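please find the sequence and the predicted model below.
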Amino acid sequence: MADLTSTFVGIKSPNPFWLASAPPTDKEYNVRRAFEAGWGGVVWKTLGEDGPPVVNVNGPRYGAIFGPDRRLIGLNNIELITDRPLQQNLREIKAVKRDYPDRAVVVSLMVPCEEHAWKAILPVVEETGADGIELNFGCPHGMAERGMGSAVGQVPEYIEMVTRWCKQNTRMPVIVKLTPNITDIRKPAEAARRGGADAVSLINTINSITSVDLDNFAPEPTIDGWGAHGGYCGPAVKPIALNMVAEIARNPETADLPISGIGGVTTWRDAAEFMALGAGNVQVCTAAMTYGFKVVQEMISGLSEYMDEKGIASTAEIVGRAVPNVKDWQDLNLNYITKAKIDQDLCIKCGRCFAACEDTSHQAITMSDDRVFEVQNNECVACNLCVNVCPVEGCISMEALAPGEIDERTGETVSGEYGNWTTHPNNPGGTMCNVMPEE
Amino acid sequence: MPNDMQTSGIRDHRLAPGDYAENFSDLHPPMDDHEALVAADRCYFCHDAPCMEACPTTIDIPLFIREISTGMATAAAKTIFAQNIMGGMCARVCPTETLCEEVCVRETAEHEPVQIGRLQRYATDALMAKGEHPFSRAADTGKKVAVVGAGPAGMSAAHRLAMHGHSVTVFDARSKAGGLNEYGIAAYKSPDNFAQAEVDWLLKIGGIEVKHDSPIGGDMTLDSLKREYDAVFLAIGLRGVNALRTEGEDLENVRDAVDFIAELRQAKDLSSIPVGRNVIVIGGGMTAVDAAVQSKLLGAEHVTMVYRRGKERMSASEFEQELATSKGVQIIYGAAPLRVIGDKAVEAVEFAYTREENGALVTTGETFTLPADQVFKAIGQTLEGAPAGLEIEGGKIKVTGSGRTSDPKVWAGGDCATGGDDLTVTAVAEGRDAAEDINTKLGG
């Protein structure tokens, strides 16, 4: 079995799978169960300042969208930060950390955007023995209306300011959790770095309304006939999160800033993908909320098998390996030509590739009377839609033409040479920026 | 001493009272909402779907399943009924394993097709439970059409003709409408009097009058109908039954399986139906299976189906054969009856083993004898009482195109006519298509 131990901003854990700050990490009871199940660490659900705790709605807190067989693929929540007394949370954090010294215990924090508020809470958290703090600049609902959460995360100057306060007032590593509800994720990450953050974690949840009750014309989740936008998470947000992680990882300003990847991580594969795009570890919530804490066992065994198969000795070797391959569109090789190929032995003859290509793409698949579907290379632009709609994995693949072969669609010979838009004759400015991307 | 399975002779009340309801309960019980959603999710919404092609009535199966999956079972039902007004009965009796489900791409992919038949039942039940009829009649055309036979073909034609605004009179020889749906299908395929409920629901279209106990051939002839009506659709089924043509066939307790099935379907109390201890069913079709299985369900100790040819030639589907054997019926393939043995009533049947040589069936010379106190003959039905003057081909009324007979004013469909398998769903399709053709001919 591969060595899955992970060190993230100096915090050690037996594996890179942490539970994100969320309902599963709100109480000692849950966190103990999580550690017994095998989770490498937790980010304790966000603590607020001392005093009367926040209150939650007493109607539904969650809404969901489903895939086939009612498989939950997107979850929305309007729950706020912890609604339990600060002292109780601190006592429980201390007890858990004492009993599980090998696991990471990071505490999520959200207090008003005033230095004294942060100065007040940092020492009491430090006293628990927690390994680090995560600044919740991400929650998009409720707390944002009070000037916290994503209201801070959407203003880079505030991120920098609060991060700096924290770094000045604690010895604990500071992880800044970013909201995706902005236009350019690089800006808040840069601000966190300027403020001295040890790492960023992303993404927090995305503003969302999951559905509308068509009997009462109310958004879901519905509280007494009304609804408010909530935070969206789960497998459906993973592609958005992957891109944001990659944007930070490949931005020269933040390239060496550690990232904790969050957003729809459900399997070992999702975790490995986040790590390949630059995440040092991952945080999980929806998968645990959907299936229980036991899912981590598949993540552990799957990642271990993968690493063994690939000869990867440590998780650190995965981190960032795909980052050099993330480019701008203009850098992509226009001379790389592929064609769809249908494996007739695997084809079950559903005809979805035909419908997709014929109705919405390039009329590059033909259908015979006896339901044989064939790609017409002279029409195929290699869009990949047939691959995406085919229900049988591996039945349709995209095969690259070798140099010297002729692309039947254009009649041109495949050159085998790299050529992108910047050098393309159709580009009005092409001759002016004839530059190869850096390798 | 009360009767039980070992009591010799033909006896009623062989089982405990509660056993009958259990034995004759729904073969394919209805799906609840959850089951239907899970099952519907498996449909791939195929392009030009093979299932749709395989359905004799060409129901848009991917569309109706998609409508179920979005929570609109009633919309799904309308999609079904638009093509097949007896979609409710077909959902119960169709041999889906040799039609839509056989060609389902998930059968190819996983050897487990989408449960199209049960989903169709889910949808049609949902709409019928509301008591609503989804179609309305066009303005009265003033044209009159006679339909002879109130089975699936006849009722399907009547409905479509009424929808187009024609006035339809349906004549049926029996006291209830429904034809084989009412009299000829195993009870466990259509429990809770569904056949009559379906007829009542279908008639809500309006413009259809059903005349019971009105066989063609007596006072009412094809000529009289042609005089009185603008068009005639014949759907008289196959009322004759083939004889064994063997010695001893006339002994007591040797009877036609169709009569037994009809009697069973009309019985108010199944425990009152007498059945033998040792039952032999001769034949290899659906009627043979229905008779054999129901004999077993009534408490016969030994039920043996004997078919003269091999398993692969049997017209009852693989599913039906497995159903029979799972209920305890023994199936003997490749044996033909030589003689029925008995004094006054049947006591045994002697069979000869057979084999096929160059397509011809020959006996091998080896014989065996099975004890029997009841024998059901199920070796096929024949056209009987067809009106004179119509061209006959292969023992059926010859039709071309959409049920056109040799008489320009007369159409025919269902089992009595050439073309298509003798299935409920095929009859429904033929009735519908003939009705459309009649409508066109009448200037609709």
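In hand now; what should we look at? Keep in mind the model is a prediction, meaning the values are calculated, not measured.

pull up the residues of the stretch 51-200 of chain A that are close to chain B.
Counting by Cβ under 8 Å from any Cβ of the partner chain, the residues of the stretch 51-200 of chain A close to chain B are A:68, A:69, A:70. The way it works is simple: take the backbone N, C-alpha and C, and place the C-beta from them, glycine included.

of those, closest to residue B:276?
residue A:69 (48.2 Å; Cβ to Cβ).

check the gap between residue B:271 and residue B:44 for me.
Per Cβ to Cβ, to the nearest Å, residue B:271 is found 46 Å from residue B:44.

of the two, who's got more company?
More crowded of residue B:271 and residue B:44, by other Cβ atoms under 10 Å in any protein chain shown: residue B:44, with 21 against 18.

list the contacts of the more buried one.
A:350, A:352, A:391, B:62, B:105, B:106 (Cβ atoms under 8 Å, 6 or more residues apart in numbering or on different chains).

ramachandran coordinates for it?
Per-residue torsions, residue B:44: phi -90, psi 0 (degrees, to the nearest 10).

against residue A:235, how distant is it?
Plainly put, residue B:44 is 21 Å away from residue A:235 if you go by Cβ to Cβ.

for the residue of the stretch 251-400 of chain A found nearest chain B, what are its contacts?
Going by Cβ to the nearest Cβ, chain B is nearest to residue A:351 of the stretch 251-400 of chain A, at 3.2 Å. Residue A:351 makes contacts with A:367, A:371, A:373, B:46, B:47, B:48, B:49, as judged by Cβ under 8 Å, 6+ apart.

the closest residue to it other than its chain neighbours: neighbour count?
By the measure of Cβ to Cβ, 6 or more residues apart in numbering or on different chains, the closest residue to residue A:351 outside its immediate chain neighbours is residue B:47, 3.2 Å from it. Neighbour count of residue B:47, defined by other Cβ under 10 Å: 20.

and for the one 4 residues further on?
Look at residue B:51: counted by other Cβ under 10 Å, it has 26 neighbours.

swap in the one 10 residues further on?
Residue neighbour count, defined by other Cβ under 10 Å, stands at 29 for residue B:61.

repeat that for residue B:109.
Close neighbours of residue B:109, defined as other Cβ under 10 Å, add up to 18.

same check, this time on the one 5 residues further on
Burial of residue B:114 is recorded as 24 neighbouring residues (other Cβ under 10 Å).

is it in contact with residue B:43, as I believe?
Yes - proximity of residue B:114 to residue B:43 meets the contact threshold set by Cβ atoms under 8 Å, at 4.9 Å.

mind listing the shared neighbours of these two?
Contacts common to residue B:114 and residue B:43, judged by Cβ under 8 Å, 6+ apart, are residue B:65.

mind listing what residue B:242 touches?
Residue B:242 is in contact with B:377, B:379, B:380, B:381, B:382, counting by Cβ under 8 Å, 6+ apart.

so after the lengthiest helix in chain A, what's the next helix or strand?
Identified as the longest helix of chain A according to DSSP state H is helix A:295-310. Remark: after helix A:295-310, the chain's next helix or strand is strand A:338-342, criterion DSSP states H and E.

so how far is that following strand from its chain's centroid?
Its chain's C-alpha centre and that of strand A:338-342 lie 30 Å apart, by Cα atoms, centre = their mean, to the nearest Å.

using PDB, write down the CA coordinates of that strand.
Written as PDB, here are the backbone C-alpha positions of strand A:338-342 (Å, rounded to 0.1, in the frame of the first residue of the first chain):
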ATOM      1  CA  THR A 338      -8.700  13.300 -34.200                       C
ATOM      2  CA  LYS A 339     -11.700  11.400 -35.500                       C
ATOM      3  CA  ALA A 340     -14.400   9.600 -33.600                       C
ATOM      4  CA  LYS A 341     -14.300   5.800 -33.800                       C
ATOM      5  CA  ILE A 342     -17.200   3.500 -32.800                       C
END
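
and it, average pLDDT?
Strand A:338-342 carries an average pLDDT of 98.

between the helix or strand following that strand and strand A:338-342, how many degrees?
As assigned by DSSP H and E, the chain's next helix or strand after strand A:338-342 is helix A:352-360. Angle between the axes of helix A:352-360 and strand A:338-342 is 130 degrees (criterion: axes from the mean of the first three to the mean of the last three Cα atoms, to 10 degrees).

show me what counts as buried in helix A:352-360.
Counting neighbours by 16 or more other Cβ atoms under 10 Å in any protein chain shown, one finds that the buried residues in helix A:352-360 are A:352, A:353, A:354, A:355, A:356, A:357, A:358.

contact residues of chain B facing chain A?
So far as Cβ under 8 Å from any Cβ goes, chain B lies against chain A at B:37-38, B:41-42, B:44-50, B:105-106, B:108-109.

filter those to the buried ones?
Neighbour-count burial (16+ other Cβ under 10 Å) applied to the residues of chain B next to chain A gives B:37, B:41, B:42, B:44, B:46, B:47, B:49, B:50, B:105, B:106, B:109.

and which of those residues is nearest to residue A:17?
Set against residue A:17, the nearest of those by Cβ to Cβ is residue B:41 (30.0 Å).

residue 125: what secondary structure?
By default, I'm working from chain A. The three-state label given to residue A:125 by DSSP: H, G, I helix; E, B strand; the rest coil is helix.

who's in contact with the nearest residue to it once chain neighbours are set aside?
Using Cβ to Cβ, 6+ apart and skipping residues adjacent in sequence, the residue nearest residue A:125 is residue A:107, 5.1 Å away. Neighbouring residues of residue A:107 by Cβ under 8 Å, 6+ apart: A:43, A:44, A:47, A:93, A:125, A:128, A:130, A:132, A:133, A:134.

how about the residue of the stretch 1-150 of chain B found nearest chain A, what does it touch?
The nearest approach of the stretch 1-150 of chain B to chain A comes at residue B:47, 3.2 Å away (Cβ to the nearest Cβ). Contact analysis of residue B:47 by Cβ under 8 Å, 6+ apart lists A:350, A:351, A:352, A:354, A:355, A:367.

how about TSV for those, with distance to residue B:118 and pLDDT added?
TSV is the format used below for the contacts of residue B:47 (distance: Cβ to Cβ, whole Å; pLDDT from 0 to 100):
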residue	distance to residue B:118	pLDDT
A:350	21	97
A:351	24	97
A:352	24	97
A:354	28	98
A:355	26	98
A:367	29	98
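
which of those sits closest to residue A:419?
Set against residue A:419, the nearest of the contacts of residue B:47 by Cβ to Cβ is residue A:354 (32.4 Å).
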